[in-house]
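1. Here is the input, now give the coordinates:
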Amino acid sequence: MVDVAAKPATHRVALAQGRITMNPATLAIILEGTAKKGDVLGIARIAGIMAAKKTSDLIPLCHPLALTRVAMDFSPDADSASIVCQATVETVGPTGVEMEALTAVQIALLTIYDMCKAADRGMTMTDIKLLEKHGGKSGSFVATP
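-> Residues are numbered from 1 along each chain as shown. Just a heads-up that it's a prediction; the model follows:
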């Protein structure tokens, strides 16, 4: 791992996003709350939060962090039969939370897939990316559209 002992603790925030595309009927099942496994977006929210907290257990050289906030947001889009997932992760510490935000998004999308795979095995997860990062010596990053 990189030595961060000498780095000052600062407020750090990361925003990541990803999309899962599915059949329109699958999106309807999710939005109507009739999926056989239960509340798809509610469970995906909890899975994303848990994933952010466990990132250092999953990625070998990632520092364990005391997170101060994890927020998961889901935006269904009927026109494209997809759901956009965004994760905002915050901490006060010597290293950033980009990996935690990206992990939260991916696990939330995988949870949606798992909960709906009986109805639609052709779902596709795409566009997983860091949108913003703030704090620390390197300052801010905002992805270009």
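
2. Determine which residue lies closest to the centroid of this protein.
-> residue 105 (1.8 Å; Cα atoms, centre = their mean).

3. what's that one sitting at in phi/psi?
-> Backbone torsions for residue 105, taken as degrees, to the nearest 10, come to phi -60, psi -50.

4. before we move on, what about residue 4?
-> According to degrees, to the nearest 10, residue 4 has phi -110, psi 10.

5. can you pull the contacts of residue 76?
-> 27, 30, 31, 82, 83 (Cβ atoms under 8 Å, 6 or more residues apart in numbering). Backbone N, C-alpha and C define where each C-beta goes, glycine included.

6. Looking at those residues, which is nearest residue 53?
-> residue 83 (22.2 Å; Cβ to Cβ).

7. Roughly how far does the closest one sit from residue 27?
-> 7 Å (Cβ to Cβ, to the nearest Å).

8. which of those two has more neighbours?
-> residue 83 (25 against 22; other Cβ atoms under 10 Å).

9. In PDB, could you pull the C-alpha coordinates for the host helix or strand of the more buried one?
-> Taking DSSP states H and E as the criterion, residue 83 maps to strand 82-93. Extracted in PDB, the C-alpha atoms of strand 82-93 (Å, rounded to 0.1, in the frame of the first residue of the first chain):
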ATOM      1  CA  SER A  82     -32.400   1.400 -17.900                       C
ATOM      2  CA  ILE A  83     -31.500   2.600 -14.400                       C
ATOM      3  CA  VAL A  84     -28.700   5.000 -13.700                       C
ATOM      4  CA  CYS A  85     -27.000   4.400 -10.300                       C
ATOM      5  CA  GLN A  86     -25.000   7.100  -8.600                       C
ATOM      6  CA  ALA A  87     -22.900   6.700  -5.400                       C
ATOM      7  CA  THR A  88     -21.600   9.600  -3.300                       C
ATOM      8  CA  VAL A  89     -19.000   8.700  -0.800                       C
ATOM      9  CA  GLU A  90     -17.400  10.900   1.800                       C
ATOM     10  CA  THR A  91     -14.700  10.700   4.400                       C
ATOM     11  CA  VAL A  92     -12.300  12.900   6.400                       C
ATOM     12  CA  GLY A  93      -8.900  11.300   6.000                       C
END
